[in-house]
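Quick one: sequence and predicted model below, then my questions.
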Amino acid sequence: MGDNMTYITEFTLLGFPLGPRIQMVLFGLFTLFYAFTLLGNGLILGLISLDPRLHTPMYFFLSHLAIVDIAYACNTVPQMLVNLLRPDKPISFAGCLTQTFLFLTFAVTECLLLVVMSYDRYVAICHPLRYSVIMSWRVCITLVLTSWTIGVLLSLVHLMLLLPLPFCRFQKINHFFCEIMAVLKLVCADTHINEIMVLAGAISVLVGPFSSIVISYMCIFCAILRIQSGEGQRKAFSTCSSHLCVVGLFYGTAIIMYVGPRYGNPKEQKKYLLLFHSLFNPMLNPLIYSLRNLEVKNALKRVLGIQRAL
């Protein structure tokens with residue numbers, strides 16, 4: 001066993017086993033998607049900070065979702081682009097574990113932020129007269145700080161369990177970034193506890209929160225159906241439809257990745273599913289919120305109008 005283990009200083013990410021020409025095409029596409037992600041989420045952040053009408057709990061939570069999406073993309077996409085240009089370029093051991101830690105942190109934080117946003121919509125529609133009391137700024141800040149803190153702490157647990165493990169030689173990770181399950185496959189020791197913790201963590205931050213979101217929206221839909229006017233129903237539903245789309249995209253791919261059955265789902269399929277999760281989701285989120293949200297579109301018109309006037 002001693003001959004097969006060594007002090008690891010770097011890993012090689014296998015990424016996408018494709019021809020050079022296709023890799024260059026993917027490099028161009030992914031660079032474009034990355035730029036759209038940064039611009040779209042940056043636009044959401046800019047609108048929320050510039051327009052006083054968006055200084056509400058709902059958009060406060062949305063601004064943190066945009067920050068998480070930017071961080072998500074910045075953590076994985078640059079390394080993926082480097083690998084498309086130079087497939088043999090390694091990533092350092094410290095850099096790989098940092099990437100793993102940050103990915104888990106942002107993933108858990110986004111899960112919890114989506115729950116917080118569903119709770120905000122529940123209070124706004126089911127208890128509108130008490131909304132300003134229940135969703136005070138103190139409560140909003142506490143909910144956001146709690147989401148970030150839990151994200152960091154859960155990721156630290158996985159990192160502390162991963163650090164003492166011995167790694168074998170010839171470290172080639174069959175992924176486009178240092179995803180925790182792909183890294184664990186290279187360990188020359190029993191990783192049963194680590195895998196159980198990953199599954200337990202996934203269930204606690206995916207299945208539990210998703211169930212609470214479903215319950216929240218069942219209550220919301222019942223409240224919407226009790227609204228007398230059709231206009232009132234449309235307005236209430238429009239405030240929830242964007243969030244529902246984002247929840248479906250995020251939780252759908254994440255649950256299949258980490259909670260779904262280990263068999264019948266080839267590794268390559270899960271790798272490309274995680275590509276959608278880490279590259280396309282952050283790009284689509286600002287599009288969903290801007291195209292389906294009247295307040296965001298009006299805020300953009302007001303900002304552009306100010307710019308023209310100047």
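Looks like it came in fine.

And for Val303, nearest residue in space, chain neighbours not counted?
Among residues not flanking Val303 along the chain, Leu50 sits closest, at 5.7 Å (Cβ to Cβ, 6 or more residues apart in numbering). Just so you know, the C-beta spots here come from the backbone N, C-alpha and C atoms, and that holds for glycine as well.

Show the model's pLDDT score for the one you found.
For Leu50, the model assigns a pLDDT of 85.

Roughly how far does it sit from Tyr289?
16 Å (Cβ to Cβ, to the nearest Å).

Tell me which of those two has more neighbours.
Tyr289 (24 against 13; other Cβ atoms under 10 Å).

any chance you could map the strands in the stretch 51-200 of the chain?
With strands called from DSSP state E, counting those that start in this stretch, the stretch 51-200 of the chain shows them at 91-92, 172-173.

Please identify the helix or strand for Ile48.
Assigned by DSSP states H and E, Ile48 belongs to helix 20-50.

how far out from the middle of the chain is that helix?
15 Å (Cα atoms, centre = their mean, to the nearest Å).

and that helix, what other elements does it pack with?
helix 57-85, helix 281-291, helix 294-309 (3 or more Cβ pairs under 8 Å, 6 or more residues apart in numbering; DSSP states H and E).

ok, longest strand in this protein?
The longest strand of the chain (DSSP state E) is strand 10-13.

List the buried residues of it.
11, 13 (16 or more other Cβ atoms under 10 Å).

Repeat that for stretch 12-28.
Going by 16+ other Cβ under 10 Å, stretch 12-28 has these buried residues: 13, 15-16, 23, 26-27.

if I look at Tyr72, how far off is Leu81?
15 Å.

Those two: who's more crowded?
Per other Cβ under 10 Å, whichever of Tyr72 and Leu81 has more neighbours is Tyr72, with 25 against 17.

coming back round to it: okay, the strands of the stretch 51-200 of the chain, which one's buried deepest?
Comparing the strands of the stretch 51-200 of the chain by mean neighbour count (mean count of other Cβ atoms under 10 Å), strand 91-92 comes out on top with a mean of 16.

Quick one: low-confidence residue ranges for this structure.
1-8, 169-170, 228, 230-232, 235-236, 238-239, 259-270, 290-294, 306-310 (pLDDT under 70).

next one: the biggest helix by length in it to chain centre, how far?
Longest helix in the chain, counting residues (DSSP state H): helix 93-126. Centroid separation for helix 93-126 versus its chain: 6 Å, with Cα atoms, centre = their mean.

Against which helices or strands is that helix packed?
Counting by 3+ Cβ pairs under 8 Å, 6+ apart, helix 93-126 packs on strand 10-13, helix 57-85, helix 131-134, helix 137-162, helix 180-184, helix 208-225, helix 230-258.

mind redoing it with 6 Å?
helix 57-85, helix 131-134, helix 137-162, helix 208-225, helix 230-258 (3 or more Cβ pairs under 6 Å, 6 or more residues apart in numbering; DSSP states H and E).
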